[in-house]
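> structure for this input, please:
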Amino acid sequence: MPTELHLNAPGGAAESPAPEWTRRALIFGGAAVVSGAVFFGLRRTTVKRALPMPGGRGRRVITVTRFSPDGEPVGQTTGPRIVHTDEEWRKRLGPDAYRVVRLADTEPPFSGALLHENRRGVFRCAGCELDVFSSTAKFDSGTGWPSFWEAIADENINELPDGSLMEVRTAVSCRVCDGHLGHVFTDGPRPTGLRFCINSLALMFVAA
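Just a heads-up that it's a prediction; the model follows:
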């Protein structure tokens with residue numbers, strides 16, 4: 001049987017057919033790229049921005065732990081979830097805090113008034129004054145936002161997926177008023193390994 005020659009190579013030299021493994025790599029590589037794009041697209045369409053829940057959704061009665069300014073627990077309280085109209089939130093928070101707390105926006109890095117707050121005390125939700133973080137868990141993460149390695153009490157916060165950027169993150173919100181506080185990541189220090197990256201505009205500080 002005559003040998004098949006490919007004469008399209010420079011100088012008229014015979015060009016051998018592409019190896020089988022090269023063709024397979026191109027086929028499977030292309031399929032992987034397409035599959036990854038489809039998967040990412042599905043994640044982006046199914047996980048939305050973590051906005052505060054409307055007043056008619058979620059639990060209506062909330063049990064949380066209250067703390068003194070020196071960070072000591074003073075007992076639990078049970079009461080209704082705090083709900084206001086959009087206009088009422090605008091008046092209570094002001095335009096900058098409203099964008100963060102109610103629209104899940106993020107303040108510019110290194111701009112927050114509480115970034116370098118190192119006194120002993122507790123950090124409370126700017127929307128309803130629920131205790132959410134203690135000064136004893138605050139650390140300098142170098143990211144430009146107040147950072148904590150744990151919440152003051154697990155029952156005082158919500159965590160939910162947030163698909164507002166190119167990756168799905170975990171958003172953190174206040175359990176009582178559902179106000180957006182920031183995000184939590186798994187690159188923090190011991191003992192928890194967590195980094196709660198929180199907006200200053202979402203907090204108020206009470207010194208011990």
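> list the buried residues in the helix or strand containing Lys91.
With secondary structure defined by DSSP states H and E, Lys91 is part of helix 86-93. Residues Trp89, Arg92, Leu93 are the ones in helix 86-93 that count as buried (16 or more other C-beta atoms under 10 Å). Quick note: C-beta positions are derived from backbone N, CA and C, even for glycine.
> ditto for stretch 158-169
For stretch 158-169, the neighbour count (16+ other C-beta under 10 Å) marks Asn158, Asp162, Gly163, Ser164, Arg169 as buried.
> between these, which is closest to Pro69?
Set against Pro69, the nearest of those by C-beta to C-beta is Asn158 (23.8 Å).
> that closest one sits in which helix or strand?
Asn158 belongs to strand 157-162, assigned by DSSP H and E.
> continuing past that strand, what's the next helix or strand?
Per DSSP H and E, strand 157-162 leads on to strand 169-174 as the next helix or strand towards the C-terminus.
> burial check on Ala126, number of neighbours?
25 (other C-beta atoms under 10 Å).
> list the contacts of it.
By C-beta atoms under 8 Å, 6 or more residues apart in numbering, the contact set of Ala126 is Leu93, Ala97, Val101, Gly179, Leu201, Ala202, Leu203, Met204.
> OK, contacts around the residue lying closest to the first one once chain neighbours are set aside?
Closest residue to Leu93 apart from its sequence neighbours, by C-beta to C-beta, 6 or more residues apart in numbering: Val101 at 5.7 Å. By C-beta under 8 Å, 6+ apart, the residues touching Val101 are Pro52, Trp89, Leu93, Ala126, Gly127, Gly179, His180, Leu181, Leu201, Ala202.
> quickly note the distance from the last one to Pro191.
The reference is to Ala202. 25 Å (C-beta to C-beta, to the nearest Å).
> this completes my enquiry, with thanks.
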